[in-house]
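J.: need the 3D shape of this:
(chains A, B, C and D)
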There are 4 protein chains.
Amino acid sequence: MCRWIAYRGDTIALEHYVTAPAHSLVEQSMRALESIAATNGDGFGLGWYGDHEEPGLYREVRPAWSDENLRHLCRHLRSHLFFAHVRASTGTPTTRPNCHPFAHSRFMFMHNGQIGDWSLIRRRVEALIPDKFYRSRVGTTDSEAVFLAILGAGAEHDPVGVTLATLATLAAFVDESGTKEPLRFTAALTDGRDLFAFRFADKNNKANTLYYREDGGNAVIASEPLDKEFDVWKPVPPSHVVIARAGCPVSLQPFAEDARLAAE
Amino acid sequence: MCRWIAYRGDTIALEHYVTAPAHSLVEQSMRALESIAATNGDGFGLGWYGDHEEPGLYREVRPAWSDENLRHLCRHLRSHLFFAHVRASTGTPTTRPNCHPFAHSRFMFMHNGQIGDWSLIRRRVEALIPDKFYRSRVGTTDSEAVFLAILGAGAEHDPVGVTLATLATLAAFVDESGTKEPLRFTAALTDGRDLFAFRFADKNNKANTLYYREDGGNAVIASEPLDKEFDVWKPVPPSHVVIARAGCPVSLQPFAEDARLAAE
Amino acid sequence: MCRWIAYRGDTIALEHYVTAPAHSLVEQSMRALESIAATNGDGFGLGWYGDHEEPGLYREVRPAWSDENLRHLCRHLRSHLFFAHVRASTGTPTTRPNCHPFAHSRFMFMHNGQIGDWSLIRRRVEALIPDKFYRSRVGTTDSEAVFLAILGAGAEHDPVGVTLATLATLAAFVDESGTKEPLRFTAALTDGRDLFAFRFADKNNKANTLYYREDGGNAVIASEPLDKEFDVWKPVPPSHVVIARAGCPVSLQPFAEDARLAAE
Amino acid sequence: MCRWIAYRGDTIALEHYVTAPAHSLVEQSMRALESIAATNGDGFGLGWYGDHEEPGLYREVRPAWSDENLRHLCRHLRSHLFFAHVRASTGTPTTRPNCHPFAHSRFMFMHNGQIGDWSLIRRRVEALIPDKFYRSRVGTTDSEAVFLAILGAGAEHDPVGVTLATLATLAAFVDESGTKEPLRFTAALTDGRDLFAFRFADKNNKANTLYYREDGGNAVIASEPLDKEFDVWKPVPPSHVVIARAGCPVSLQPFAEDARLAAE
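T.: Below is the predicted model:
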């Protein structure tokens, strides 16, 4: 079970959320609190938007806590929209292309969770990816495949709608595979402008934790609160999406009835 | 274009061929002579058979020439059948699972070459891999996919036959994809007992170099001669397979007529 | 605080102690029990004796738990005398030359502990190393410096005596530096034949845990028991050295009076 | 023999010099032209000044040519003063702390060359480093030691003067050590404002190549020209320092008579 944070708001140095707070993401890489895997040492990644349409990426196989480069980059990189992720592998190898976030054109995605028994549905999920996007599959994780499937489904036109539809398809695949492994999905998606985060678990499974915090026009969404001001961190209910559009207050919306039904 | 060596014979320390000779494989990682890519610095790997049916693997993303571990392992590991490979990527990322050799159960495989334009035929080649073997696909290279396709085609029963059949299928895929990129295939395959090496290029393309050397009952097959005794290194002609069965002299056989026709 | 094991006895595969037991060293890299640092993810290392006088070394900066090479090597390498170590850095960078064990000629050493405030006494400790050995200093850890100082003091002739003398010198340096940081030293040293392990802390500080187990002529010494058979693991008292000479039963000896006095 | 570039001028993206030109530094990592070591694959590094007094650093042990992170960073990082370096080791291990550039407070340094037989003078050079700076020695290279010695000699007050004085001391050490190995020193030093580059070889040895280019107020200094516009790249004569102060045209000055005499 991984840990991640996503930020959208005023342009700030990444260190404000990634390395500086008491319970920063780097701290969580060594000592997560609300996670089964207390250690998230199977690689990490940063993704941020700057002067280009496409985000920059920095991904490494070493643990975040001992990476000197990460501290330098978080101190020097400034962005109005960035993702950071520390990984606890559920089985796929620790390689850079398997580290989150994933980026394609102006889109970026990261995930914490489990897609049933991946070995049973991998081919079906990969078959969802159109050829145009399949050539961008450089790793072997379920998360990257789901991202490319979401892009292929038309994230450009309706990011929330196609993510929920893909989630419903994944739930059906997991169900049909006969596994008892859960589908747990807490993910962040952005087109470089608006930020969306999803919290979901199938059937009677408990969704992984997800919180958000709004401060002025700045939104932070995270697997766990980054500091002790617990009252300002609002939990995201299961089957809800957090919407942080540029220039708008953060809103919380339940999954559409049909998506929910299909998925549950 | 990568460089590799394969050995079958008396049990020896790996250093005899991997690190010690004047033009050892590690030396070739920095200065290959008969290769377009003079530098083979995109990772490397060792695979060897010892007390277990399955081979051991050591694969690393750093260049072979600066890896202290490699020197220690080549000095201490002894084997009667081993592969070593230095990689020059043709596009897939430099990760450990993308480094050769690849191993599955008692089989091991490594490759130097190019399978046309991989992005055009990747899905068709991956579709050749039966589910049972697809879950072992931990990297993203063409070479690993071809290995799993060969296993899926029945390498257990007829290693040479199914490799030639797979090669014919690959040649058809490359041809049908409309690319001008060549199919070049110089590969080694073993079941832990017998060793086979293949040299092939489609159409009018020039096959990558391949040599072998026999000394007593010991066979060495390599992309390039490992020393200056050029008269003892015999070039493998194109469309030929080198067969080094345990307890038998090395033999050289032309591809079967139908395999050759299908492939050319 | 790191975790380590040392073995001397019949020739066995390294996996028996490094990767296989319920609470194996690799398991301890993720979840140590008797350590302040529950996670030991700042690199690891193996050192083993085989056909050569000098030991082989395999050291890596990634955590032990996700290293596929380590599993292969522990399955295939066999030895009558080997060390394995998982590292939790006390400040020096995570590089291969900073990973334990350290080897020089036929000697090998590894350490878990703290040498006061290293920045205050580093120059004095490095000055203990004779020129002949100083050129072998390839890393920057306190542990490597202490090893080279022990070699320089004559480990060849009296391994236990010169280690205790060096320890007394270190205790004096720490004391004179005015720091409140403790000297804690639990270390293993071997000349390729006999195995010695030391447990010590200065003043009123608590020494790091150390246990040993003897079974037939086989000795295992470890920071923590590797399995639940707690009654067969004997704790090493502080200021004691475990002596496991080839062909002799394991013995436990208190530090010589003068070494103890000098050190305490 | 390494390759490096240094830039001071208008704020630009690092890619303009590190990854984009025909003969960019990344290209030089694989195919240097004016270097004995054609391959510079033993790690690399970036250092840049941004919003902070201290520079940011990104250093990696993998070859520059296959590092996806490097391409992202060079595209997104912008700076008015930056260094980039690809390394061909002269013996010290390939670790991040051994990669250039080196940074301390607001100073940054990188080097290409050789300091005689390092094993013979290492202790004397390390002894030049005051305690205050010795605790910042995290690697084992000659270059880092020389940088800390220059800082200790008062780079804050007279960067060129103390570098030349240190160079004279190094020349004396090399001479007294009795080695036949040359002292070759082509290095860049900056305090975050002004940029200095030095080209030197002792006795009758040939200094490593060094060029500079001035365009408007922008200065680029490099081991080799980065493009085919050979007429705009001016060679730096031996025993000369290039001075690129903020807001001033680049000037070229011969070493002061006494420094030259001491050094030669």
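
J.: which SS class is the residue of the stretch 151-264 of chain A found nearest chain D?
T.: The minimum distance from the stretch 151-264 of chain A to chain D, using Cβ to the nearest Cβ, falls at A:Gly192 (13.2 Å). Every residue, glycine included, has its C-beta placed from N, CA and C. Secondary structure assignment for A:Gly192 (DSSP: H, G, I helix; E, B strand; the rest coil): coil.

J.: mind listing what it touches?
T.: A:Tyr49, A:Glu53, A:Pro55, A:Leu81, A:Arg106, A:Phe107, A:Met108 (Cβ atoms under 8 Å, 6 or more residues apart in numbering or on different chains).

J.: just A:Pro55 next, same as before
T.: Taking Cβ under 8 Å, 6+ apart as the test, what A:Pro55 contacts is A:Gly47, A:Trp48, A:Tyr49, A:Pro101, A:Ala103, A:Arg106, A:Met108, A:Gly192.

J.: and these, which are buried?
T.: Using 16 or more other Cβ atoms under 10 Å in any protein chain shown as the burial test, the contacts of A:Pro55 include A:Gly47, A:Trp48, A:Tyr49, A:Pro101, A:Ala103, A:Met108, A:Gly192 as buried.

J.: can you redo those as a markdown table with secondary structure and pLDDT?
T.: Shown next, in a markdown table, are the buried ones among the contacts of A:Pro55 (DSSP: H, G, I helix; E, B strand; the rest coil; pLDDT from 0 to 100):
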| residue | secondary structure | pLDDT |
| --- | --- | --- |
| A:Gly47 | strand | 98 |
| A:Trp48 | strand | 98 |
| A:Tyr49 | coil | 98 |
| A:Pro101 | coil | 98 |
| A:Ala103 | strand | 98 |
| A:Met108 | strand | 98 |
| A:Gly192 | coil | 97 |
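
J.: give me the helices and strands touching the host helix or strand of A:Asn112, please.
T.: Taking DSSP states H and E as the definition, A:Asn112 sits inside strand A:107-115. Other elements packing on strand A:107-115 under the criterion 3 or more Cβ pairs under 8 Å, 6 or more residues apart in numbering or on different chains; DSSP states H and E are strand A:3-13, strand A:44-48, strand A:78-86, strand A:102-104, helix A:142-152, strand A:183-190.

J.: residues making contact with the helix or strand just after the fifth one?
T.: Past helix A:142-152, heading to the C-terminal end, the next element that is a helix or strand (DSSP H and E) is helix A:159-176. By Cβ under 8 Å, 6+ apart, the list of residues contacting helix A:159-176 from outside reads A:115-117, A:121, A:124-125, A:128, A:146, A:149-150, A:153-155, A:181-183, A:185, A:187, A:189, A:191, A:194, A:196, A:198, A:200, A:202, A:241, A:243, A:255-256, A:259, A:262-264.

J.: now the angle from the strand holding A:Asn112 to strand A:183-190?
T.: Strand A:107-115 runs at 170 degrees relative to strand A:183-190, counting by axes from the mean of the first three to the mean of the last three Cα atoms, to 10 degrees.

J.: where in the stretch 1-150 of chain A is pLDDT low?
T.: A:1, A:36-37 (pLDDT under 70).

J.: burial count for the residue of chain A found nearest chain B?
T.: Nearest to chain B, among the residues of chain A, is A:Thr95, at 3.8 Å (Cβ to the nearest Cβ). For A:Thr95, the neighbour count with other Cβ atoms under 10 Å in any protein chain shown is 25.

J.: check A:Phe230 too.
T.: With other Cβ under 10 Å as criterion, A:Phe230 counts 8.

J.: picking up where we left off before, can you list the buried ones among the contacts of A:Pro55 in CSV and add distance to D:Phe133?
T.: CSV is the format used below for those (distance: Cβ to Cβ, whole Å):
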residue, distance to D:Phe133
A:Gly47, 37
A:Trp48, 34
A:Tyr49, 39
A:Pro101, 39
A:Ala103, 40
A:Met108, 41
A:Gly192, 44
